[in-house]
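Chemist: okay, structure incoming, though there's no sequence with it:
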């Protein structure tokens, strides 16, 4: 592999929600690397680990650099997520191999000073497939105000023999978050809700 064909970074800052100014201006970003699928055209490959160990750490570093640059540095990032889209000549396991192993996840988590499991999504599809990437708090996954998503779409990727690998992050909570926190929720049991 010679490296990504391209890297695409998108950012967004929501300033108003239903006409009301947001209570906390958070910036969100997604960085996506379009890479050749190292397993495309090889049929069923039983052991994916050789390519994962070779490719995934560099991808994590590349995507971290993009996110840090877009959001003002790792210290500003409070929430993260990851995702991958594999082209039609690949299988979903190819996308999973690159984002669900410690060679990507642990590297990205360490670079972003996180401790939470990195929430994820993955998909198989043609160029232009939109994937919604979930994000949650990088050290406290129970912090519901940090549950967010960012859509990613690259019009010319993935080609059939490519994979789009994505890292996403935010510098703060959802705008005007007000539904509480998993650690302070009341105990709710199905038996108590029979009349509702």
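Modeler: Great, that's in hand. Please read these numbers as outputs of a predicted model, since none were measured by experiment. Residues are numbered from 1 along each chain as shown.

Chemist: please, where are all the strands along this protein?
Modeler: Using DSSP state E, the strands of the chain run over residues 6-13, 16-17, 20-21, 27-36, 79-86, 119-124, 131-137, 148-152, 162-170.

Chemist: make CSV from these and add mean pLDDT and mean neighbour count to it.
Modeler: The C-beta positions use only the backbone N, C-alpha and C, and glycine is treated the same way. Shown next, in CSV, are those (pLDDT from 0 to 100; neighbours: other Cβ atoms under 10 Å):
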stretch, mean pLDDT, mean neighbour count
strand 6-13, 96, 15
strand 16-17, 88, 11
strand 20-21, 88, 10
strand 27-36, 97, 24
strand 79-86, 98, 28
strand 119-124, 97, 19
strand 131-137, 96, 21
strand 148-152, 96, 19
strand 162-170, 98, 28
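
Chemist: quick one: closest of those strands to residue 180.
Modeler: Taking Cβ to Cβ, strand 131-137 is the member of those nearest to residue 180, at 14.3 Å.

Chemist: just checking, what packs against the closest one?
Modeler: strand 79-86, strand 119-124, strand 148-152, strand 162-170 (3 or more Cβ pairs under 8 Å, 6 or more residues apart in numbering; DSSP states H and E).

Chemist: output these as TSV; include the columns distance to residue 98.
Modeler: As requested, the helices and strands packed on strand 131-137 are exported to TSV (distance: least, Cβ to Cβ, whole Å):
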stretch	distance to residue 98
strand 79-86	6
strand 119-124	9
strand 148-152	15
strand 162-170	5
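
Chemist: closest one to residue 41 among the ones you listed?
Modeler: strand 162-170 (12.0 Å).

Chemist: parallel or antiparallel, list what pairs with the closest one.
Modeler: strand 27-36 (antiparallel), strand 79-86 (antiparallel) (DSSP bridges).

Chemist: let me have these in TSV, extended by distance to residue 188.
Modeler: Listed next are these as TSV, based on distance: least, Cβ to Cβ, whole Å:
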stretch	distance to residue 188
strand 27-36	30
strand 79-86	25
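
Chemist: how about low-confidence regions in this protein?
Modeler: Residue ranges of the chain with pLDDT under 70: 1-2, 196.

Chemist: give me the most central residue, it.
Modeler: Residue closest to the mean C-alpha point of the chain, counted by Cα atoms, centre = their mean, is residue 82 at 2.2 Å.

Chemist: need the contact list for that residue.
Modeler: 99, 104, 105, 108, 118, 119, 120, 133, 165, 166, 167, 168 (Cβ atoms under 8 Å, 6 or more residues apart in numbering).

Chemist: how much space separates it from residue 101?
Modeler: 11 Å (Cβ to Cβ, to the nearest Å).

Chemist: just residue 168 next, same as before
Modeler: From residue 168 to residue 101 the distance is 18 Å (Cβ to Cβ).

Chemist: try residue 144
Modeler: 28 Å.
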